[in-house]
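In: I'll drop the sequence and a predicted model, then ask my questions.
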Amino acid sequence: MNRLAPRLTSWLLALGAASLTLGGAGALGLGCGDSTGQDHVSFAVQVGGFAHPAGPVQTTTRAGWTITFTRADVALGPVYLNTLAPLACDTCSARATVRRRFEDFFVPRAWAHGESHLGAGLVVGQVTRQVRVDALSSEVRAIDGGGDGIDLEVRSAEVWMYNLDGAVIRVAGTASRTVDGANVEVPFEGSLVADESITTAQAPLDVARRVRGIPAALTLSEGGTLTVRVDPRGWFEGADFRELTTHAPTVRNTFAFSPADNVGRAFLNNARASRGVYSFAFAAASSR
C-alpha cells in the first residue's frame, strides 16, 4: 500500500494538496463549521473484483473472441467522490468557459480534461491510499485508514491511475475464436502504464491518468462502508487478437500487446472507461 496524499482537514488544505501533489483533483470541504454546513464523516473502504461465482473468469466480445483471464491486477487509488452528475455516455463532454475556469481557480470545484470537462462539482469524499486489486477475485478486502468526506449526496466518482510496481494494470489470458472453420487461440499479456504512452496533445499525463464521471449514487455517513469493485470483462471489446500472432512470442510463449497495435489500443480505451469497469456502493453503519 502506498499513501499518495495526506488526509485533509479543510478545503483550503485540500486545494493546496491537490494542486501540489495530484495536479488539482479538487477540494474537499470538511468539518461541521465549513461553508456547506454538513458534517465531516469517516468511513471504511473495501475493494475487490466484480461479484461472480468461484472459477475462471471468461467473457465473449461482440466480435466473437472468448477471453479467459488468468491475471487482472489493478492499482486502485486515489479515489474521489463528487456531487456532479455522471456523463450520459463515455464520449460525452462539455466545454468550459473562460469565466467558469477563472471562477474555479478560487472556488473548490473539481474539473477534468482541461478545456473538455464534465462540469463543476464539489469533491465530498476521498480515499487517498493506493492498493493492488485482484479483479478476478470477488472477495473484498479492507483498505487501511478508510476514507473521509462530508455527508452530501454523491453522484459520480473519479479514479486516478498511478503506477504500482511499474504499472497500473497487468493482464494476461487466452483469446480464442473460430476463424474460417479453424479454432484460433492467442495467449496474451500486457499492461497499462501511466506514462507518455497514454497521452495525447489534448490530454497530458495529469489528465490521461484520470477516469472521471463514473456513476456512483450514494450518500456518505459516519461509520459506513464504501465498496469499490473492478470488472475486467469489457477491457478487450473491439480487439482483434489475430494481429498479435504476427509478432514474435515472449519467453513465456505468449503474445504481448502494446499501444502500437489494435489490441493494446482497445485495452487502453476500455480500461479507462467511465462505465463498466468500476462500481461503487455505500452501506450505512447498522444502528443499535
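Out: Received it, and whenever you're ready, just let me know what you need. What you see is a predicted model, and the numbers here were worked out from it, not measured in a lab. Residues are numbered from 1 along each chain as shown.
In: so residue 173 sits against residue 70, correct?
Out: Yes: in this structure, residue 173 is within contact of residue 70 by CB atoms under 8 Å, at 5.0 Å. Every C-beta, even on glycine, is put in place using the N, C-alpha and C of the backbone.
In: more neighbours: those two, which one.
Out: Comparing residue 173 with residue 70 by other CB atoms under 10 Å, the one with more neighbours is residue 173, at 26 against 15.
In: contact partners of the host helix or strand of the more buried one?
Out: Residue 173 is part of strand 169-179, with elements assigned from DSSP states H and E. The contact list for strand 169-179 (CB atoms under 8 Å, 6 or more residues apart in numbering) reads 63-75, 183-192, 232, 235-236, 239, 241-242, 254, 267, 271.
In: return the subset of those residues lying in strands.
Out: Using DSSP state E, the subset of the contacts of strand 169-179 located in strands is 66-75, 183-192.
In: what residue in the chain is the furthest from its centre?
Out: Most distant from the centre of the chain: residue 181, at 38.7 Å, with distances by CA atoms, centre = their mean.
In: what is the burial count for residue 272?
Out: Quick note: residue 272 (other CB under 10 Å) scores 21 neighbours.
In: wait, what's in contact with it?
Out: 161, 192, 198, 211.
In: which one of the residues you listed is nearest to residue 82?
Out: residue 211 (12.2 Å; CB to CB).
In: pull the CA atoms of stretch 180-196 into PDB?
Out: Taking Å, rounded to 0.1, in the frame of the first residue of the first chain, the C-alpha atoms of stretch 180-196 are listed here in PDB:
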ATOM      1  CA  ASP A 180     -12.600 -19.900 -41.300                       C
ATOM      2  CA  GLY A 181     -13.600 -23.200 -39.600                       C
ATOM      3  CA  ALA A 182     -10.400 -23.300 -37.500                       C
ATOM      4  CA  ASN A 183     -10.100 -22.600 -33.800                       C
ATOM      5  CA  VAL A 184      -7.600 -19.800 -33.200                       C
ATOM      6  CA  GLU A 185      -6.100 -19.500 -29.700                       C
ATOM      7  CA  VAL A 186      -3.900 -16.500 -28.700                       C
ATOM      8  CA  PRO A 187      -2.300 -16.500 -25.300                       C
ATOM      9  CA  PHE A 188      -1.700 -12.800 -24.500                       C
ATOM     10  CA  GLU A 189      -0.300 -10.500 -21.800                       C
ATOM     11  CA  GLY A 190       0.100  -6.700 -21.400                       C
ATOM     12  CA  SER A 191      -0.200  -3.800 -19.100                       C
ATOM     13  CA  LEU A 192      -1.400  -0.200 -18.700                       C
ATOM     14  CA  VAL A 193       1.500   2.000 -17.600                       C
ATOM     15  CA  ALA A 194       0.800   5.600 -16.600                       C
ATOM     16  CA  ASP A 195       3.400   7.300 -18.700                       C
ATOM     17  CA  GLU A 196       3.700   9.200 -22.000                       C
END
